[in-house]
Structures are given as structure tokens and as C-alpha cells.
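Engineer: Provide a 3D model corresponding to the input given below.
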Amino acid sequence: MQHNDDLNTFYAKIFRRSFFSSLAKGKSLEDAFVGFENILSEYPNMTLRDVFISYFDKLKNNYRNEYVYKSAIVNKIIFGRHSPRTSSTSIELPVNNSIVDVAIFNGCSTAYEIKSEYDTPKRLSTQSIDYLDVFEKVYIVTHPKFAEKYCDLNIPYIGVISLTMKDTLKVEKEAISNFDNIKHDKIFNIMRKNEFISIIEHYTDEKIHLPNGLVYKYCREVFNTMPLKLANDYFLQAMKKRANNKDFIDYIYSLPACLRALGYATPLSKKQKDYVVNLMDSKIKSY
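Structural biologist: Numbers count the residues shown, from 1 in each chain. This is a model prediction of the structure:
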């Protein structure tokens, strides 16, 4: 049992944002994998890409943690149903007093709250309120054996998806459009300063010439007067622009599929992105 726990710890560790970021920032492979020499010795002469692909398969089979769900959502929806060129995703996006696990922006905004077999529904009451202020659709994504339990909660507007053992996403309960309940001020709070300034200047067709201390208040007031559909369209455009420029998409495609969610989740410079992509073909030292 201890050996299995150690393996699961290892599999989970290498798919953490901190681990991925450390590699991109130049940490040596020997230092990154210290303490796991015995595990790596079973697979001599693997490239880093091979390690991630192989160990992600083991993670899926042995320890379906939150990252397994995030990866499935990104790959099945952004790279399956849609396209990273026309859609975008934010991983662990702060929304009011909560953090949504995966948010996808396409023709509408959709929040995916993961409740794996290791989670409980205790925070759903507050999370759902926060998400419904911002997103047109909200889904709980869970293990098949818990799907019925989450469906039976009957939270207004919220749908349920299960991640099957065949690694497919199955809609157990359709989400209902929540568009009319979206709040201007809540979607405004998610946007960055450069985003809402650009939106207000486009909407008013005037450059903003105000002291920095007054810009936020002015932009917020103007945004709140817009028709909801227009305000939400501006919001969607801003969120999609964060991660659908050509350089970023090329970077995401250069990573193995199992790292795409980490690619979206981890802020890196252009130099760091290039470095970690090149690192994928480096051999892991044989122990």
C-alpha cells in the first residue's frame, strides 16, 4: 500500500503547476526528480515527453485527481468539440469569492467545477452563487458513481457531467442557460485593466483621459450601463484574446496533450515557453 501511495504522490507531483513552472525556469531534470530515482529507474532512457505521457496514463488509472479532470475538459472540449483558435480557457479563475476549476469561453461562457471522488459537495452552495453571477452555463464534473448524487441536488441552472472510465465526458444533466442572471459588475471584476479600458474606448469611441485613480470607477460605471448582451460579448472577446493568439496556440500544440491544461494554467514568458518545449525531448538520466 505504501508503494502505491508513493507512486500516486509522484504521479500527482509532476502535474502540479509549481513543478512545471520550475522546469520552464531552468531547474535541472536531476534536481526536479530527486527522491523518485527508483521509480524512474524502471523506465531508462525516456525523454521528458515520454515520462509525462506514460505517467499521466498511470495517474488516470490509479489516482483520478483534479488534474485528470482538468486535462479531460481541456482536451475533449477545447481541442475536441471546439478549437483553441476560436475558444479559450482559464484554469483556476477567481470568480467572486470562489475559484472555478476550468472556464471556457466560446460563443458563451461555461464554468466547470470539478468534484472528483476525493471531493465533497460542501462548498457548492456558495460556489454556485458565485459562478451563476458570471457564466451562462455551469457544470459540475464528477466521477460516474457520484453523478446521480449531484443531479439530485437540483441546483437551479447547473448541469452535471461525468468523466467515464473510458475517459469520455458524458452529460448526465444539461445545464440551463443562466444568461439573464449574469451581473455586469461581476464580469467586469474578472477583466484586467487593459481589457476594460479597451472595451470602454471602443464602446464610447473616445480615448480615456482621466487620472489613474478615476479610470476604474469611470469604466465600471459605463460598462454597467451597457445592454447585457453587448457587455457579455465584450467580456467573451476579452477572455478569448487572453489565450488564442498564434504564438500561444503553437506553444500549446507543442506540448503533449496531457500537459495542455498546465500550459494554460502556468504563466510563463516567451523564453520560458520555448525552453520547456525544447526540454520535452531531453532524456531523463538513467539511475
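Engineer: mind listing the strands for this structure?
Structural biologist: Taking DSSP state E to define them, one finds strands in the chain at 88-95, 98-105, 109-115, 137-142, 159-163, 169-173.
Engineer: can I get these in CSV with distance to Ile208?
Structural biologist: C-beta here means a position set from N, CA and C on the backbone, and glycine is covered the same way. Shown next, in CSV, are the strands of the chain (distance: least, C-beta to C-beta, whole Å):
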stretch, distance to Ile208
strand 88-95, 25
strand 98-105, 25
strand 109-115, 26
strand 137-142, 33
strand 159-163, 39
strand 169-173, 42
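Engineer: residues contacting Asp57?
Structural biologist: The contact partners of Asp57, by C-beta atoms under 8 Å, 6 or more residues apart in numbering, come to none.
Engineer: measure it to Cys258 for me?
Structural biologist: Using C-beta to C-beta, to the nearest Å, one obtains 8 Å as the distance from Asp57 to Cys258.
Engineer: repeat that for Thr204.
Structural biologist: Applying C-beta to C-beta, the value for Thr204 to Cys258 is 45 Å.
Engineer: quick one: closest of the strands of the chain to Ser125.
Structural biologist: Minimum separation from Ser125 across those (C-beta to C-beta) falls at strand 98-105, 10.9 Å.
Engineer: buried sites along that closest one?
Structural biologist: With burial defined by 16 or more other C-beta atoms under 10 Å, the residues of strand 98-105 counted as buried are 98, 100-105.
Engineer: nearest to Ser282 among these?
Structural biologist: The shortest distance between Ser282 and any of these, using C-beta to C-beta, involves Val102 and amounts to 29.4 Å.
Engineer: how close does the residue lying closest to the closest one once chain neighbours are set aside get to Asp57?
Structural biologist: Leaving aside its sequence neighbours, Val102 sits nearest to Tyr112 (C-beta to C-beta, 6 or more residues apart in numbering; 4.2 Å). The spacing between Tyr112 and Asp57, counted by C-beta to C-beta, is 22 Å.
Engineer: same question, Asp247
Structural biologist: Spatial separation of Asp247 from Asp57 under the definition C-beta to C-beta is 29 Å.
Engineer: for the most centrally placed residue in the chain, list the residues it contacts.
Structural biologist: Within the chain, the residue whose C-alpha comes closest to the C-alpha centroid is Ile91; the distance, by C-alpha atoms, centre = their mean, is 2.3 Å. The neighbourhood of Ile91, defined by C-beta under 8 Å, 6+ apart, consists of 70, 74, 101-102, 261, 264-265.
Engineer: 6 Å - rerun?
Structural biologist: Applying C-beta atoms under 6 Å, 6 or more residues apart in numbering, one finds that Ile91 lies in contact with 102, 264-265.
Engineer: these into TSV, with extra columns for pLDDT and distance to Ser116?
Structural biologist: Converted to TSV, the contacts of Ile91 look like this (pLDDT from 0 to 100; distance: C-beta to C-beta, whole Å):
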residue	pLDDT	distance to Ser116
Val102	98	13
Tyr264	97	19
Ala265	97	17
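Engineer: the strands of the chain: which one's closest to Ala231?
Structural biologist: Each of the strands of the chain was scored for nearness to Ala231 using C-beta to C-beta, and the closest is strand 109-115 (12.0 Å).
Engineer: so the closest one versus strand 98-105, what angle?
Structural biologist: Angular relation of strand 109-115 and strand 98-105 on a 0 to 180 degree scale: 130 degrees, by axes from the mean of the first three to the mean of the last three C-alpha atoms, to 10 degrees.
Engineer: just the CA atoms of strand 109-115, as CSV, please.
Structural biologist: Listed in CSV are the C-alpha atoms of strand 109-115, where the atom choice follows Å, rounded to 0.1, in the frame of the first residue of the first chain:
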residue,chain,number,x,y,z
SER,A,109,-19.1,31.3,-21.1
THR,A,110,-19.1,28.0,-19.3
ALA,A,111,-17.8,27.1,-15.9
TYR,A,112,-16.7,23.6,-14.9
GLU,A,113,-16.5,22.8,-11.2
ILE,A,114,-14.7,19.5,-10.6
LYS,A,115,-15.9,17.3,-7.8
